[in-house]
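# got a predicted structure plus its sequence, pasted below:
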Amino acid sequence: MSVSEDAPVRVAMLGGTFDPVHIGHLRSAVELHETLELERVHMVPAHVPPHREAPGVTADERLRMLELGIGDTPGLVADGRELARSGPSYSVDTLTSLRRELGSQARLVMALGQDAFLKLASWHDPERLFELAHLVVIERPDHPASPDQELRALIEGREVVDRRDLFARPAGGLLRLRLPSRMAISATDLRRRLYAGRSVRYLLPSSVESYIVSRNLYR
């Protein structure tokens, strides 16, 4: 990394259901880590997702698959802090926890995909998200962005063009990021394949596939 040793720490949170975690999730986390020159990326499985129906496997199983998928990958962390909280897994609570740990000067990022970004104005306390962190929107090749009026009002004046501008302050900015691989892998499609007994080879890490088979998940 080219970030100087005395610069504020740069950390990202990448949340999701990870139902199951797949190569697209993991490759995006690796490329996010490299592109933004982060110290680490916390991949945080939601315990009780507030924006979708409950997953068909337990939060503990999803965390274990995430741990297996990450393995020894440098810079990636399987973070189970949302599993310790009751009630809906709001991102603002997770960012509050991370900000408390990292301190006021840390450069904290919440990374999310375009589909989640387009619904941001309906999230719990969306203004507070920008008080706690920067938002980095990972663009997807199959999901063009078209913000509605409420979202445009929320992000007005926040967008920057590169990481240098983003990290000039601890929080409050918005950066759209096109990662090199841009894998359009769908967890929904993976669950359908698993249910039907079709191959998921090369879409999941082999360790995750083995865990799913051993526990007879998604069948």
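Noted; the coordinates are in hand. This is a predicted model, so every value here is computed, not measured.
# using CSV, write down the CA coordinates of the strand or helix carrying Ser28.
Assessed by DSSP states H and E, Ser28 sits inside helix 23-35. The C-alpha trace of helix 23-35 is given here as CSV (Å, rounded to 0.1, in the frame of the first residue of the first chain):
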residue,chain,number,x,y,z
ILE,A,23,-17.1,-15.4,-5.7
GLY,A,24,-18.7,-12.1,-6.7
HIS,A,25,-18.9,-11.0,-3.1
LEU,A,26,-15.4,-12.0,-2.3
ARG,A,27,-13.8,-10.7,-5.5
SER,A,28,-15.5,-7.3,-4.9
ALA,A,29,-14.2,-7.2,-1.4
VAL,A,30,-10.6,-7.9,-2.6
GLU,A,31,-10.8,-5.3,-5.3
LEU,A,32,-12.4,-2.8,-2.9
HIS,A,33,-9.4,-3.4,-0.6
GLU,A,34,-6.9,-2.8,-3.3
THR,A,35,-8.5,0.1,-5.2
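# list the buried ones in that helix?
Residues of helix 23-35 classed as buried: 23-33 (neighbour count, 16 or more other CB atoms under 10 Å). C-beta here means a position set from N, CA and C on the backbone, and glycine is covered the same way.
# packing partners of the lowest-mean-pLDDT helix or strand in the chain?
Lowest on mean pLDDT, DSSP states H and E among the helices and strands of the chain sits helix 114-117, with a mean of 90. When contacts are defined as 3 or more CB pairs under 8 Å, 6 or more residues apart in numbering; DSSP states H and E, helix 114-117 packs onto strand 134-138.
# can you list contacts of the helix or strand just after the strand it packs on?
Counting by DSSP H and E, the element after strand 134-138 in chain order, helix or strand, is helix 149-155. Defining contact as CB atoms under 8 Å, 6 or more residues apart in numbering, one finds that helix 149-155 is touched by 117-118, 120-121, 126-127, 147, 174.
# past the helix holding Ser28, which element shows up next along the chain?
Downstream of helix 23-35, the first helix or strand assigned by DSSP H and E is strand 40-45.
# average pLDDT for that next one?
Strand 40-45 shows a mean pLDDT of 97.
# and the next helix or strand past that strand?
Downstream of strand 40-45, the first helix or strand assigned by DSSP H and E is helix 59-70.
# in the helix or strand following that following helix, which residues are buried?
Next helix or strand after helix 59-70 toward the C-terminus (DSSP H and E): strand 76-78. Judged by neighbour count (16+ other CB under 10 Å), strand 76-78 contains these buried residues: 76-78.
# same question for stretch 184-191.
Neighbour count says stretch 184-191 has 185, 187, 190-191 buried, by 16+ other CB under 10 Å.
# what's it in contact with?
Taking contacts as CB under 8 Å, 6+ apart, the residues outside stretch 184-191 that touch it are 17-20, 22-24, 56, 140-142, 200, 203-204, 218.
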